[in-house]
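Enquirer: fold the following, please.
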Amino acid sequence: MSTDRPVGQMLREWRQRRKLSQLDLAIQADVSARHVSFVETGRTIPSSEMVLRLAEQLAVPLRERNRLLIAAGHAPVFRQTSLDAPDMTRVRAALEQVLDAHAPYPAVAVDRRWNLLLANDSFTAFLATVDRKLLAAPINLMRLGLHPQGLAIRNLEQVRGYLLPRLLRQAAASGDPMLHQLYDELVAHGPVDTTPPDPADIALPIHLHHRGTDLAFLSTITTFGTAFDVTLEEVAVETYLPADARTAAYFRRT
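Expert: Just a heads-up that it's a prediction; the model follows:
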C-alpha cells in the first residue's frame with residue numbers, strides 16, 4: 001500500500017466528501033480550526049494520533065485510514081488479512097456458520113465491492129440459471145442482481161431503485177473508483193427510480209422466478225461495525241428470508 005499524495009490533501013477531500021467545514025471538523029475532533037487548516041495545507045504534518053482522530057470524525061474506512069497514516073509518514077495500524085489466510089480461519093468458520101445457520105434459505109457474504117466471498121447451498125442453486133459470463137471470478141452480487149442476464153428478478157425496477165442509489169452513496173462515501181465504475185455499468189441497463197425509499201422499509205423485497213416457481217424474499221444486510229481488521233470491516237452478510245408461505249414451503253421441500 002502506497003500513496004504519493006499529501007496527507008493534507010487527502011484529509012481535505014474526505015472532509016469535503018462528508019460536507020463538513022474546517023470549523024465543523026475541528027469542533028468534532030476537539031482541535032483548533034487553525035490546526036485543521038495547517039494540516040490540510042501541509043504546513044503541519046499530523047502525528048499518527050491526530051490522523052486517526054480526524055479520520056474517526058470523518059468516518060474514514062479502515063483501509064483508507066492506513067493510507068492516510070502512510071501519507072503522513074507513519075506506519076499503518078489496521079491489519080488486512082485475506083479470509084483464506086490461516087489467521088482468519090476462525091473468522092471464515094464463523095461466517096460459514098452464519099450462512100449455514102440461515103439454511104434452508106439463501107445467504108451470502110460479500111466484500112466492499114459486492115464481490116461474492118461465501119454462499120450457502122440455497123443461494124448457490126440460483127446460479128444455475130445465470131448467464132455463465134456473470135459467473136467469472138470475482139462473481140459480483142450487484143451485477144448478478146441487476147444485469148439483464150442475471151438473477152430472474154421480477155420486481156427489477158423496485159430493486160434497481162433501491163440498490164443503485166445505495167451503490168452510488170457507497171461509492172461517494174468510500175471514494176472507491178471501482179464502485180463508481182460498477183454504478184456506471186449497471187445504471188446503463190435502465191433508468192433509476194430516484195424516489196426516496198420509505199424509512200419504514202427496513203428490508204428489500206425481492207421477487208424471483210426460479211425453475212418455474214415465483215419466490216418472494218425480504219433481503220437484509222449485516223455488517224461488522226466494530227471490526228479492527230480491514231478485511232472484516234468490509235465484509236457484509238446478506239440474508240434472504242421468505243416473504244410468503246409459498247416461498248417458505250418451497251425451501252422446506254428442497
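Enquirer: could you pull out the buried residues of the worst-scoring helix or strand of the chain on mean pLDDT?
Expert: One helix or strand of the chain scores below all others by mean pLDDT, DSSP states H and E: helix 230-233, with a mean of 85. Of the residues in helix 230-233, Val230, Thr231, Leu232, Glu233 count as buried by neighbour count, 16 or more other CB atoms under 10 Å. Quick note: C-beta positions are derived from backbone N, CA and C, even for glycine.
Enquirer: how distant is the host helix or strand of Leu25 from the center of its chain?
Expert: Here Leu25 sits within helix 22-29, counting by DSSP states H and E. Relative to the chain's own centre, helix 22-29 is displaced by 27 Å; criterion: CA atoms, centre = their mean, to the nearest Å.
Enquirer: again with stretch 35-42
Expert: The answer for stretch 35-42 is 30 Å, by CA atoms, centre = their mean.
Enquirer: buried residues, that stretch. List them.
Expert: Going by neighbour count (16+ other CB under 10 Å), the buried part of stretch 35-42 is His35, Val36, Ser37, Val39, Glu40.
Enquirer: could you redo the residues you listed as JSON lines and give each row pLDDT, secondary structure and distance to Glu238?
Expert: As requested, the buried residues of stretch 35-42 are exported to JSON lines (pLDDT from 0 to 100; DSSP: H, G, I helix; E, B strand; the rest coil; distance: CB to CB, whole Å):
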{"residue": "His35", "pLDDT": "97", "secondary structure": "helix", "distance to Glu238": "41"}
{"residue": "Val36", "pLDDT": "97", "secondary structure": "helix", "distance to Glu238": "38"}
{"residue": "Ser37", "pLDDT": "97", "secondary structure": "helix", "distance to Glu238": "42"}
{"residue": "Val39", "pLDDT": "97", "secondary structure": "helix", "distance to Glu238": "38"}
{"residue": "Glu40", "pLDDT": "97", "secondary structure": "helix", "distance to Glu238": "37"}
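Enquirer: how about the helices in the stretch 1-150 of the chain?
Expert: Taking DSSP state H, counting those that start in this stretch, the helices of the stretch 1-150 of the chain run over residues 7-17, 22-29, 33-41, 48-57, 62-71, 89-101, 121-124, 141-146.
Enquirer: after the last one, which helix or strand is next?
Expert: Where DSSP H and E defines the elements, the next helix or strand beyond helix 141-146 is helix 156-174.
Enquirer: hmm, who's touching that following helix?
Expert: Residues from elsewhere that reach helix 156-174, judged by CB atoms under 8 Å, 6 or more residues apart in numbering: 17, 59, 61, 64, 112, 114, 142, 145-146, 153, 176, 179-180, 182-183, 186-187, 190, 192-195, 197, 204-206.
Enquirer: how far off helix 7-17 does it point, in degrees?
Expert: Orientation check (axes from the mean of the first three to the mean of the last three CA atoms, to 10 degrees): helix 156-174 against helix 7-17 gives 140 degrees.
Enquirer: nearest spatial neighbour of the spatially most central residue of the chain, skipping sequence neighbours?
Expert: The centroid of the chain falls nearest to Arg112 when counting by CA atoms, centre = their mean (3.9 Å). What sits nearest to Arg112 in space, not counting adjacent residues and going by CB to CB, 6 or more residues apart in numbering, is Glu234, at 3.8 Å.
Enquirer: pLDDT score for the one you found?
Expert: Looking at Glu234, its pLDDT stands at 88.
Enquirer: what's the neighbour count on it?
Expert: 20 (other CB atoms under 10 Å).
Enquirer: using JSON lines, lay out the buried residues of helix 230-233 together with distance to Ala137.
Expert: Converted to JSON lines, the buried residues of helix 230-233 look like this (distance: CB to CB, whole Å):
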{"residue": "Val230", "distance to Ala137": "21"}
{"residue": "Thr231", "distance to Ala137": "17"}
{"residue": "Leu232", "distance to Ala137": "21"}
{"residue": "Glu233", "distance to Ala137": "22"}
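Enquirer: using CSV, write out every CA atom in the helix or strand following the least confident helix or strand of the chain.
Expert: The C-terminal neighbour of helix 230-233 among helices and strands, as given by DSSP H and E, is strand 236-242. Listed next in CSV are the C-alpha coordinates belonging to strand 236-242 (Å, rounded to 0.1, in the frame of the first residue of the first chain):
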residue,chain,number,x,y,z
ALA,A,236,-21.3,-7.8,4.6
VAL,A,237,-23.7,-10.7,5.1
GLU,A,238,-26.9,-10.6,3.0
THR,A,239,-29.7,-12.9,4.0
TYR,A,240,-32.9,-13.7,2.3
LEU,A,241,-36.0,-14.5,4.4
PRO,A,242,-39.1,-16.0,2.8
